[in-house]
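>>> fold the following and give me the result.
(chains A and B)
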Amino acid sequence: MKKWGVLLFFAAGLVGSAVQSADAEPASIDRSLVKIVAICQEFDPFVPWQRLPQVVKSGYGVAVGDGLVATTEDLIRHHVLVEIQMARSGARTPATLVQADDRLNLALLRVDDDIADELVPVSIAPSIDRKAPLQIVQFDGTDQPQTGSGTISEISVRALPLAPSQALQIQVLTLTSLAISGSGVPVFSGAELTGLVVAFDPANRLCSVLPAVTIRKFLEAALASPYPGTAQAGFSWTPLIDPFKRAFLGLTNEPRGVLVLRVMSRLDPTLKKDDVILDWDGFALDAQGYYEDPEFGRLLFPYLIYGRRRPGETVPVKVIRDRVPVTLQVPLTASRDDDSPVPYRIAEHPSEYIVEGGLVLRELTQNYLKAHGREWAAAADPRLVRLFVQRHQLDKPDDFRFVILSRVFPDAVNIGYEDLQDEIVTAVNGEPVKNLNSVFAILRRDGALRRVSLQSMGLDLVFDPAQLRDANARIAKTYRIPRLRFQQTPANP
Amino acid sequence: MKSFIPTTVLAHGFLPALAGLVCLWHLTATPAVAAVSGKLLKQSVVKVYVTGQRSDYGQPWQVLELSSVSGSGFVIGKRRILTNAHVVSDARFIEVQREGDPRKFQARVLFAGHDCDLAILAVDNEAFFEGTRALPLGEKLPDLNDEVEVVGYPMGGERLSLTRGVVSRIDYAPYAHSGVDAHLVIQVDAAINPGNSGGPVLFNGKVAGLAFQGLEDSQNIGYAIPTPVIRHFLKDIEDGTYDGFPDFLVTFQNTRNPTLRRELGLPDDDRGIAVSQLHPFTCAWGRLQTGDVILDVDGYPVANDGTIVLDGRIMEFAELLERKQAGDTLDLVVWRNREKLRLQVPLTVPHTAFLFRHDYDHRPDYCVAGGLVFSPLSSSYMAALGIQRLTSLDTQHFRYTWKYALPDALYKERDQVVVLIRRLAHPCNTYADGFILGIVASVNGEPIRRLEDIPRALRQPRNGFHVFRFDGMDNTLAMDAQLAAEADRALLEKHVIPAISYFNPEQVTTQRVFGVQCSGGP
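Numbering: from 1, shown residues only, chains lettered A, B, ... in the order given. Take a look at the predicted model:
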């Protein structure tokens, strides 16, 4: 009976706030809220000189400065054109990208048109009032702002949908219907921006909202040059709840602290494997890694790194090392996608590649693996998936990337090799490869591809350089490949 | 990889195709519809009734529910019946019945070749064989478009059934029963349905093959085991034991590429298949080398894609290996360092825990420690687990090991892949769920090369704790050693587990075979 009572109360609360919301529409939202239409066309990871079919995405953004509009990164990911549209207007104006952070799932756009003068920046909320009613604003069918209501059900650090990281998010309960991706729908508390919706769960009527504090921090960084990114301390950790594990580690004190599993090799190794972190930046951690945030309550401690600090800062950390308490000063660096030999590259646009003798060579990325479909982890080659899963455990130099033979375009010059695909390349022309740049360098030095060594084959694939020039031209023509090599820098050959 | 010529090890490469192949025993059906066939067939073809009981690979001390299946078989002389291994696998009780005779006679398995899906049954009651006649094996394979008859006891009736069709293909193809082996098959377009398994496929009144599998979601595609495979099996068991088919377990690379041929110094004659990868527990190890090009096998020239012309047909050269017995030799002409070399390779049957053949007719190995259940990775465990369920990133190291243990030579680190397959819940192991499907790397600092190493390692806890490490995981699992021992005593009783461990005395590990058969290497 008690459980039913709680549920009924909750439902009544929702209806109540929906009724209230009509009066609570933020002032001048007409000139702050914009609809964003992004024409997106990703390059095909398998045929990286071609684009996949065009996708038109539509979502929202809010004016946050002089001609500046904040939205979610996934909305404009792989865009070829971004346009904004104001309320009560069918007119679209092009916008350009100022900065995008695919790890935070935030982007900042600039409108270079007269329309910029019409935009009124919103006020970004300095904090979150858990009890305040929220307004979720989007356009209705007549392009007028339509306001729905919501209430905060949870503030927590959780995995971001559509981005490869965790972030502080507000879970908002609402009766309003939204696109599943969220698409940057703004959420207000009174006249202040509380956050942008990054995902919507229609079954549970829950929005995941990136909070204002994260947006504010991103905006500060986005206008800096170079973009500093978010802070990281470069280690992996695990909760220390298991009493036997704690006893094995000699932890006889109260059950708190988390265990360092691995420290990123390229960083200053202030922290060490098997350190038990008791306090981070002045906050005591429990055995699950939670601390009591003065603003948001119980949060996972990584928020203290990327949410409260910046790259380049140093934080005090109390650990138990070899059963002895030690206080360390841990330096923070910028979080980079290049921190592992198999990066995400989720917004890569386009990928670097080499087509030589019909062999398509490129670096292994998560983006490439994800191109194998929704169940990509099971659909892609397990050898490659394993490299991604264990990317932080592979003992490789910082600039090492796995070069793969993605596929072969059959031709007389590669006869007998045509069925190879997703093979790991270990050497080119007899020289070990450490990334695609090294392959570019080898080819520039040697003039042509003569030999490719694959991890799984005892014999090399060999080519006759005298035949390659004609073969490359033939392959480019036959398979309509506009350029056989693409390198971001230096200049494309 | 597709361009390489598969010997049986590359049957792993066949797995996608295997997914559609189904064995054709039949869950016992009921209605009776009369079917009439010739007198000889009635005297030779029998119905096989099997009550089976598989081990439960998820809870390896238990068995699954009883199953009742039926298949077909035929008398082959010496009062023996030939049928499919998959019909009588994990059988607990077998009966055979002749056409027109209401009596069922108890039978037993004399030999089972799971790699070729053939089995010999014996019936001790001589009354069964009164009036029976052995079906003769044909000398020649039928050709394409030759008419064949499929005889047996398929679903849809109780009496003998005969269907006609033609040979639509003769090929080298995977055998679904073992999951990893490939041999010659005859593909026919006659209806072959569940229950036909083990029945004869006749050509000109003689046995041309034995119906054994079909292709899911297809029409008029059925497969028969041809007489060369049957004869190999029958000859193999003449000495009273079944050894199996010799194999090199070599990965080959075609030499179609002219530049590759020039690099190897090969003449421009489209001959020869190159050795790409070898493994140390095979007869090829120490004799063949990476980069060798096999030009001739037993006098048959090998084409650059690994095929030969045998009996007027193009076949994989592995077929020559297939027709040999363990202990025979194979004569090779090999191109090495730009010279021809003659090699004689005494053939052996490779045994390795990394082939992951489906297991039958034996209990799975396991051991329990602190409520954690460990077992060697096997095809049967994977079937119980459902490989299609392994979609999360957490399970991808496990999936990688399953697919690439042999090609990536993981046997260098271990003799078996030992897996934490489940947790018997107890307060001593509450936080162990995240380690399930972990591949055990070490226990208490001792590397785990095989399952038996675990109890050995558990004898030396570290400061009163058992510490488990798993491949690809930074985190370790620690367990109070004394509490774990107490937990096991309670858990064995609670879960009705007869023993804390079971080790099959005949288990195959790479180490055992490695020690016997390896002699040097390239």
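
>>> could you use CA atoms for every contact and neighbour count after this?
Fine.

>>> spatially, and excluding backbone neighbours, which residue is closest to A:Gly358.
A:Phe409 (4.6 Å; C-alpha to C-alpha, 6 or more residues apart in numbering or on different chains).

>>> and the gap between that neighbour and A:Ala466?
With distances taken as C-alpha to C-alpha, to the nearest Å, A:Phe409 is found 19 Å from A:Ala466.

>>> so between these two, which is more surrounded?
A count of neighbours by other C-alpha atoms under 10 Å in any protein chain shown puts A:Phe409 above the other of A:Phe409 and A:Ala466, at 20 against 10.

>>> related to what we said a few turns ago, ok, the residue nearest to A:Gly358 to A:Glu363 distance?
In this view, A:Phe409 and A:Glu363 are 18 Å apart by C-alpha to C-alpha.

>>> same deal with B:Glu99?
Between B:Glu99 and A:Glu363 the distance, using C-alpha to C-alpha, works out to 65 Å.

>>> who's more crowded, those two?
Taking neighbours as other C-alpha under 10 Å, B:Glu99 and A:Glu363 compare with A:Glu363 leading, 25 against 20.

>>> list the contacts of the nearest residue to that one once chain neighbours are set aside.
When the adjacent residues along the chain are set aside, A:Glu363 lies closest to A:Val403, with 4.4 Å between them (C-alpha to C-alpha, 6+ apart). Contacts here follow C-alpha atoms under 8 Å, 6 or more residues apart in numbering or on different chains; on that basis A:Val403 touches A:Leu361, A:Arg362, A:Glu363, A:Leu364, A:Ile424, A:Val425, A:Thr426, A:Val433, A:Lys434, A:Asn435, A:Leu436.

>>> among those, which ones are in strands?
Among the contacts of A:Val403, the subset assigned to strands under DSSP state E consists of A:Leu361, A:Arg362, A:Glu363, A:Ile424, A:Val425, A:Thr426.

>>> most neighbours, which of those residues?
Each of the ones in strands among the contacts of A:Val403 was scored by neighbours using other C-alpha under 10 Å; the highest score is A:Arg362's, at 29 neighbours.

>>> and which of the ones in strands among the contacts of A:Val403 is nearest to A:Gly195?
Closest approach between the ones in strands among the contacts of A:Val403 and A:Gly195, by C-alpha to C-alpha: A:Glu363, at 36.1 Å.

>>> give me the distance between that closest one and chain B.
20 Å (C-alpha to the nearest C-alpha, to the nearest Å).

>>> any stretches of the stretch 101-250 of chain B with poor pLDDT?
Within the stretch 101-250 of chain B, not a single segment meets pLDDT under 70.

>>> so where do the strands sit in it?
In the stretch 101-250 of chain B, strands defined by DSSP state E, counting those that start in this stretch lie at B:104-113, B:118-123, B:147-152, B:161-174, B:182-188, B:200-203, B:206-215, B:222-226, listed in chain order.

>>> over to the stretch 301-450 of chain A?
Under the criterion DSSP E, counting those that start in this stretch, the stretch 301-450 of chain A contains strands at A:314-321, A:324-331, A:333-334, A:353-356, A:359-363, A:403-408, A:423-428, A:431-432.

>>> which regions of chain A lie under the pLDDT threshold?
In the predicted model, chain A carries pLDDT under 70 at residues A:1-27, A:181-182, A:267-268, A:489-493.

>>> around chain B, pick out the residues from it.
With C-alpha under 8 Å from any C-alpha of the partner chain as the criterion, chain A meets chain B at residues A:238, A:242, A:244-245, A:248, A:261-262, A:375, A:377-378, A:382-383, A:385-386, A:389-390, A:393, A:413-421, A:456-459, A:461-464.

>>> now list the buried members of those residues.
Buried positions within the residues of chain A next to chain B, assessed by neighbour count (16 or more other C-alpha atoms under 10 Å in any protein chain shown), are A:238, A:242, A:244-245, A:248, A:261-262, A:377-378, A:382-383, A:385-386, A:389-390, A:393, A:413-418, A:420-421, A:456-459, A:461-464.

>>> helices - which of these land there?
With helices identified by DSSP state H, the entries of those that belong to them are A:Phe244, A:Lys245, A:Phe248, A:Ala377, A:Ala378, A:Pro382, A:Arg383, A:Val385, A:Arg386, A:Val389.
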